[in-house]
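Chemist: when you get a sec, could you give me coordinates for this:
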Amino acid sequence: MTAYDTNNIFAKILRGELPCHKVYEDEHVFAFLDIMPRVTGHTLVIPKAPARNILDVTPDDYAHVARGAKKIAIAAMKAFNADGITVQQFNEPAGGQVVFHLHMHVMPRHDGVAMLPPASRKEDVNVLEENATKLIAALKAG
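Modeler: Next up is the predicted model:
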């Protein structure tokens, strides 16, 4: 398996070298909106620890990401008045992984509304800011 690349885009986001629309952070995880969302509110949850994917992450770090994804999922249900949640996590190119820093996709879903194809369009920054505000408020409300 290929080694972890410290210059992947998510590592750069963690170091503050690239901007993002952060919605949640704790000691172990960082969550931010996907700039090419498949649905409104599409959020990525990543470990702060360097991990390429599920194949090299420590069990504890993976558990932190899973707990973070659950926290985001609960808040996203409220923030976006969702009917359900899709959580996805891909590993290695053959498994669909494109960015090689472990991440879980948390996507609020609405009945009868299909997801957009992956990386099909970049969202307007104002829309991302509005969605981040909604999700942060739902997280604070518990």
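
Chemist: going forward, measure contacts and count neighbours with C-alpha atoms only.
Modeler: OK.

Chemist: residue nearest the centroid of this structure?
Modeler: Residue closest to the mean C-alpha point of the chain, counted by C-alpha atoms, centre = their mean, is Leu44 at 0.4 Å.

Chemist: and that one, that's in a strand?
Modeler: Yes - assessed by DSSP: H, G, I helix; E, B strand; the rest coil, Leu44 belongs to a strand.

Chemist: ok, now which ones touch the closest residue to it other than its chain neighbours?
Modeler: Leaving aside its chain neighbours, Leu44 sits nearest to His105 (4.8 Å; criterion: C-alpha to C-alpha, 6 or more residues apart in numbering). Applying C-alpha atoms under 8 Å, 6 or more residues apart in numbering to His105 gives the contacts 42-45, 69, 86-89.

Chemist: most neighbours out of those residues, which is it?
Modeler: Thr43 (32 neighbours; other C-alpha atoms under 10 Å).

Chemist: that one touches Gln88, doesn't it?
Modeler: No - Thr43 lies out of contact with Gln88 (C-alpha atoms under 8 Å); the separation is 10.7 Å.

Chemist: what sits in contact with each of those two?
Modeler: Residues within reach of Thr43 and of Gln88 at once, by C-alpha under 8 Å, 6+ apart, are 105-106.

Chemist: what's the spacing between Thr43 and Leu55?
Modeler: Taking C-alpha to C-alpha, to the nearest Å as the measure, Thr43 falls 22 Å from Leu55.
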